[in-house]
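Enquirer: sequence first, predicted model second:
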Amino acid sequence: MAKPRNNSGKTKARLDISRPIGLFSSLKIELGVLIVIATSIAFVLVWFLLKYGWSGWIAMPLTMIVALSITYFFSRGLIAPLRQLRDAAEAMAEGDYSVRVQTGTDSNDEIGRLARTFNEMAEELQHADQMRRDLVANVSHELRTPVSALQAMVENMADGVVEPTPANLESILNQTHRLSDLIAFLLDLSRMEAGAASLEIERFNLHDFLDETIEPLEIADAGHAHDIVMNVDTDIWMEGDQDRLRQLFTNIIANALKHSADDTEVLIEAHENTSNGTIVTNVVNYGSQIPKEARSEIFRRFVKGKTGPGTESGGTGLGLSIARWAAQLHGGTVRVVDDDRGADFEIVLPKYHIASDE
């Protein structure tokens, strides 16, 4: 079967499994209908031939040939989609995850449902393959930049082109910090993929915890004149893994700072929801908004936000994905909610940790 190509040039195979039988919700019913149809036609035909004086030795073989032909015609409709599904599976085994099967609107039986499930599986595999490609491309790019800068600066110092001044050494240190941050992101990503969820649970004060989390961010943000306003009661206590939660809040707050104009505020407010035993924290980036259709997309790995029209924000594209992972480890959620003030990231965490049965 010819495979049309999409706009990207990648093969996009679509295998049609439409067939004469497919209106019923069960393959057993379809087979039963096929047997009834073939038997009825054979009975009528043999009756007609015998009535008009045909010899039984001629009528019976002729009737059997007609019945087998009818059965063969309809059985092709039952077997063909399975053959096409097999071909599609073989194409996927060779690495073509773009292959899909067309179920048609009249396919309601087990084969039709199998085809739709196959399409869903193919979609997930194609997405996973694209994620793998993105991982290689992103890691290569993110590693190349600081390594190239380090190599150039160290070679210049070794050749005596530049002096090892405090400013040059600080530049080297900044590049090593960038490499360290990237390695930490990749380690977190590997934990996400492995499902690692070991937590060191302790009770702590949320206000003090957020104050400690914000301090290094304010230092790193020097020069942009952002004002981080914290509206959190000092008597809110909760349970959780402070290291994992610090990843969560650091990534969310850093994202808000990155997408805020200079000389603007970032608001952090928290309150306890006594009705369901959770603590709700909102990190609001004044002025900017996130379109509703993009609110789920930004939490996917390697998806980078925009600092302006057609301009990516930089970074690894892993921060928000890791933040959501850290929240899920605690049985919480992170999402973007409607807020007239600006982009509002709402973090909902249980006040008390519930130990897993696993």
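Expert: Cool, got the structure. Residues are numbered from 1 along each chain as shown.

Enquirer: how close does Q328 sit to L82?
Expert: 39 Å (C-beta to C-beta, to the nearest Å). From N, CA and C alone the C-beta is placed, and that goes for glycine too.

Enquirer: skipping adjacent residues, who's closest to E269 in space?
Expert: Computed as C-beta to C-beta, 6 or more residues apart in numbering, the closest residue to E269 that is not its neighbour in sequence is N231, at 4.1 Å.

Enquirer: for that neighbour, what are its contacts?
Expert: Contacts for N231 (C-beta atoms under 8 Å, 6 or more residues apart in numbering) come out as L267, I268, E269, A270.

Enquirer: could these go into TSV alongside distance to F209 and neighbour count?
Expert: Shown next, in TSV, are these (distance: C-beta to C-beta, whole Å; neighbours: other C-beta atoms under 10 Å):
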residue	distance to F209	neighbour count
L267	17	19
I268	11	23
E269	15	15
A270	10	20
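
Enquirer: any chance of JSON lines for the residues you listed, columns pLDDT and distance to I29?
Expert: As requested, the contacts of N231 are exported to JSON lines (pLDDT from 0 to 100; distance: C-beta to C-beta, whole Å):
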{"residue": "L267", "pLDDT": "93", "distance to I29": "62"}
{"residue": "I268", "pLDDT": "95", "distance to I29": "61"}
{"residue": "E269", "pLDDT": "95", "distance to I29": "60"}
{"residue": "A270", "pLDDT": "95", "distance to I29": "58"}
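
Enquirer: so which bits of stretch 207-220 are buried?
Expert: Judged by neighbour count (16 or more other C-beta atoms under 10 Å), stretch 207-220 contains these buried residues: H207, F209, L210, T213, I214, L217.

Enquirer: just those now: which is nearest A225?
Expert: L217 (13.8 Å; C-beta to C-beta).

Enquirer: any idea which helix or strand carries the closest one?
Expert: L217 belongs to helix 206-220 when assigned by DSSP states H and E.

Enquirer: what residues does that helix touch?
Expert: 226, 228, 230, 232-234, 236-238, 242, 245-246, 249-250, 253-254, 257, 268, 270, 279, 281.

Enquirer: if you look at these, which of them are in helices?
Expert: Among these, DSSP state H puts Q242, L245, R246, F249, T250, I253, A254, L257 in helices.

Enquirer: reformat those residues as a markdown table; add neighbour count and pLDDT.
Expert: Below are the ones in helices among the contacts of helix 206-220 laid out as a markdown table (neighbours: other C-beta atoms under 10 Å; pLDDT from 0 to 100):
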| residue | neighbour count | pLDDT |
| --- | --- | --- |
| Q242 | 15 | 91 |
| L245 | 25 | 92 |
| R246 | 16 | 90 |
| F249 | 23 | 94 |
| T250 | 18 | 90 |
| I253 | 23 | 92 |
| A254 | 20 | 88 |
| L257 | 19 | 90 |
